[in-house]
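Q: got a predicted structure here, sequence first:
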Amino acid sequence: PYDVLVVGGGPAGASAAIYAARKGIRTGIVAERFGGQVMDTLGIENFISNSYTEGPKLMASVEAHVNDYNVDIMKLQQAKKLTKNDFVELELENGAVLKSKTLILSTGARWRNIGVPGEAEFKNKGVAYCPHCDGPLFEGKDVAVIGGGNSGIEAAIDLAGIVKHVTVLEFAPELKADQVLQDRVNSLSNVTVIKNAQTTEITGDSKVNGITYIDRDTNEEHHIELAGVFVQIGLVPNTEWLGDIVERNRVGEIVVDKHGATSLSGVFAAGDCTDTPYKQIIISMGSGATASLGAFDYLIRN
Ligand code: FAD
């Protein structure tokens, strides 16, 4: 069996694997797509120590770093089921079963898509999901934020300081964000909030040039010209396959303690698949290190 088996090859999983391997213990990493969400990111300007990098470039150097150590990397493998007997057992989609003394779940998350025409077509060409990451690309331009929950309103407040104008489109008749955030957004002169608005299309040519929505009160269609659309209708953690074996919160995130431990002993978790706030590369790498050190602590005590 492995001492530490990591599920997921994004920043959290890679960091966990490096920390484990550096302890000289038997380490493996199973990843459907090595590199994770970062592979879909063009410009990264908030990875400390590096003023500008690009997702595929960053993850190539992360992979090279993992390869400096004796880690079994199992790529293009999807974990399907987790069970625990004497060891933690991980069943893969291809039928193989891997055994380990400890396991680190770092399966990440995916942005919830709005699913309207233009979204997939203009992804990274004006359709964005991460205001911390891509906001500065729209400096001085007009943008929309789809979604009036906490993440949408926080995005609007954040973007208002960078872009020329922000239009928030909320499907429901009311914003769902906390009142303090609503008060703050209402105080900003370059933000317009439109409620009861059903986004129907993101338009563009080689990149985004506008958004179309239906006013659900009047059934009238409207079109706004703008350069960017931030879709902020939530993140979906890749944890459905776990079922009830580890505790997950209402939105499916794995509940972890300060050591990265889950409700199942010997099983740890890190990164965007957990209930820790602020989903970012640097944060997921930090939590991967935490979970790995947590797993090592567990190994020397058991
Ligand atoms: P992920 O990166 O999601 O990696 C998850 C890994 O698990 C992948 O290898 C995946 O294939 C694997 N996996 C999932 N399910 C299974 C399974 N069942 N079996 C096996 N493997 C599985 N953050 C920043 O700090 N700066 C930015 O500029 C930035 N820009 C972003 C731009 C975009 C478009 C997106 C989508 C995100 C951006 N983020 C940015 C957020 C950042 O990418 C994430 O916080 C980070 O990637 C989370 O790392 P993770 O390792 O937890 O998960």
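A: Yep, that arrived. Numbers count the residues shown, from 1 in each chain.
Q: show me which helix runs longest in the chain.
A: helix 281-301 (DSSP state H).
Q: okay, buried residues for that one please.
A: Of all the residues in helix 281-301, those buried under the rule 16 or more other CB atoms under 10 Å are 281, 283-296, 298-299. Using the backbone N, CA and C atoms, a C-beta is placed for each residue, glycine as well.
Q: those residues also near the ligand: which ones?
A: Among the buried residues of helix 281-301, the ones lying near the ligand by CB under 6 Å from any ligand atom are 281, 284.
Q: whichever strand or helix holds residue 83 packs against which elements?
A: Element membership for residue 83, per DSSP states H and E: strand 79-84. Secondary-structure packing of strand 79-84 (3 or more CB pairs under 8 Å, 6 or more residues apart in numbering; DSSP states H and E): strand 88-92.
Q: which residues touch the following helix or strand past the strand it packs on?
A: Next along the chain after strand 88-92, taking DSSP H and E as the criterion, comes strand 97-105. Here strand 97-105 makes contact (CB atoms under 8 Å, 6 or more residues apart in numbering) with 1-8, 13, 16, 20, 28, 30, 82, 87-92, 239, 242, 246, 254, 260, 262, 266-270, 273, 288, 291-292, 295, 298-299, 302.
Q: do the same with stretch 120-138
A: 40-46, 111, 113, 118-119, 145, 154-155, 158-159, 162-163, 202, 204, 206-209, 227-232, 280.
Q: hang on, residue 169 packs against residue 213?
A: Yes. Under the criterion of CB atoms under 8 Å, residue 169 makes contact with residue 213 at 5.7 Å.
Q: what sits in contact with each of these two?
A: What both residue 169 and residue 213 touch, as defined by CB under 8 Å, 6+ apart, is the set 194, 197, 199.
Q: ok, the second one to the ligand distance?
A: Going from residue 197 to the ligand by CB to the nearest ligand atom, to the nearest Å gives 24 Å.
Q: cool, and the first one?
A: Between residue 194 and the ligand the computed distance is 25 Å (CB to the nearest ligand atom).
Q: in the sheet, who's paired with that residue?
A: Per DSSP bridges, the residues bridged to residue 194 are residue 169.
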